[in-house]
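Visitor: Structure for the following, please:
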Amino acid sequence: MSHAAGGCGVLIVLGKAEDGAPDVIEERCRQEIRKLLPLAASLGQPILVENVWNQMFYRHDGPPDQSPDQFIKFVDSFHSPWVGMYYDVGNHWKYAQPADWIRAFGHWCVKLDVKGFSRAKNKFVDITSPDDDLPWDQVRKALDDIGYCGWATAEVGGGDLKRLTQVREQMQKAFGV
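Guide: Coordinates of the predicted model:
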């Protein structure tokens, strides 16, 4: 569908940790993605794993210094340029430093989902709002460091022209545009 609609990548979400043993879920996902690799390559559509709050490859109740190593190991296990990361910056501010993850992902970081998050309030907030304590300056620097030139999608509630204008302004502030 992405190719037919003019898209340039397919976002997938791995299973949820409560669906079974992590190694079983991981292997099942790996097998299914491998089946899709020839099609992804023929259509020029990378398969992009997003780091959603599904408790895969991180500890939900863990500290804010968790490593992206398990995500990287999973994506790298395909040895394919057609598997990468659709990194959600706001999703992992609770668990880690987004800039560190971006640098670690490097070329695997193909697209971004963007939302604000407040560690102080432990909840999602508007991008760059006073409650958003995510270090956007560090995110921008990390994206520059890896030569990022992909999409950044605001994953926020929509609305009328006023709301969309606000979201655009927040994205511009976050990315220093």
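Visitor: got the phi/psi numbers for the residue nearest to N91 when sequence neighbours are not counted?
Guide: Ranked by C-beta to C-beta, 6 or more residues apart in numbering and with sequence neighbours excluded, the top spatial neighbour of N91 is N51, at 5.5 Å. C-beta: built from backbone N, CA, C; applies to glycine. Note on N51: backbone dihedrals following degrees, to the nearest 10 are phi -90, psi 80.
Visitor: G90 is in contact with N51, correct?
Guide: No: taking contacts as C-beta atoms under 8 Å, N51 lies outside contact range of G90: 10.2 Å.
Visitor: of those two, who's got more company?
Guide: Using other C-beta atoms under 10 Å as the criterion, N51 and G90 rank with N51 on top: 24 against 21.
Visitor: which residues does that one contact?
Guide: With contacts taken as C-beta atoms under 8 Å, 6 or more residues apart in numbering, N51 has the following neighbours: F57, Y58, F71, M85, Y87, D88, N91, H92.
Visitor: what about stretch 140-155, how long is it end to end?
Guide: Taking C-alpha to C-alpha, to the nearest Å, the span from the opening residue of stretch 140-155 to its closing residue is 18 Å.
Visitor: ditto for stretch 37-51
Guide: Counting by C-alpha to C-alpha: the opening and closing residues of stretch 37-51 are 20 Å apart.
Visitor: now do stretch 15-22
Guide: One end of stretch 15-22 sits 9 Å from the other (C-alpha to C-alpha).
Visitor: if we can go back for a sec, what pLDDT is listed against the residue nearest to N91?
Guide: pLDDT, the model's per-residue confidence, is 85 for N51.
Visitor: Mind listing what's buried along stretch 126-145?
Guide: Along stretch 126-145, the positions that meet the burial threshold by neighbour count (16 or more other C-beta atoms under 10 Å) are D126, I127, T128, D132, L134, W136, V139, R140, A142, L143.
Visitor: Stretch 11-25 now?
Guide: Neighbour counts using 16+ other C-beta under 10 Å place L11, I12, L14, G15, A17, I25 of stretch 11-25 among the buried residues.
Visitor: didn't the second one look like it was pressed against V52?
Guide: No: the pair I12 and V52 fails to qualify as a contact (C-beta under 8 Å) at a distance of 10.0 Å.
Visitor: coming back round to it: I'd like the contacts of N51 as JSON lines, with neighbour count, pLDDT and secondary structure appended.
Guide: As requested, the contacts of N51 are exported to JSON lines (neighbours: other C-beta atoms under 10 Å; pLDDT from 0 to 100; DSSP: H, G, I helix; E, B strand; the rest coil):
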{"residue": "F57", "neighbour count": "21", "pLDDT": "87", "secondary structure": "coil"}
{"residue": "Y58", "neighbour count": "20", "pLDDT": "86", "secondary structure": "coil"}
{"residue": "F71", "neighbour count": "22", "pLDDT": "92", "secondary structure": "helix"}
{"residue": "M85", "neighbour count": "26", "pLDDT": "95", "secondary structure": "strand"}
{"residue": "Y87", "neighbour count": "28", "pLDDT": "94", "secondary structure": "strand"}
{"residue": "D88", "neighbour count": "22", "pLDDT": "94", "secondary structure": "strand"}
{"residue": "N91", "neighbour count": "21", "pLDDT": "90", "secondary structure": "coil"}
{"residue": "H92", "neighbour count": "23", "pLDDT": "85", "secondary structure": "coil"}
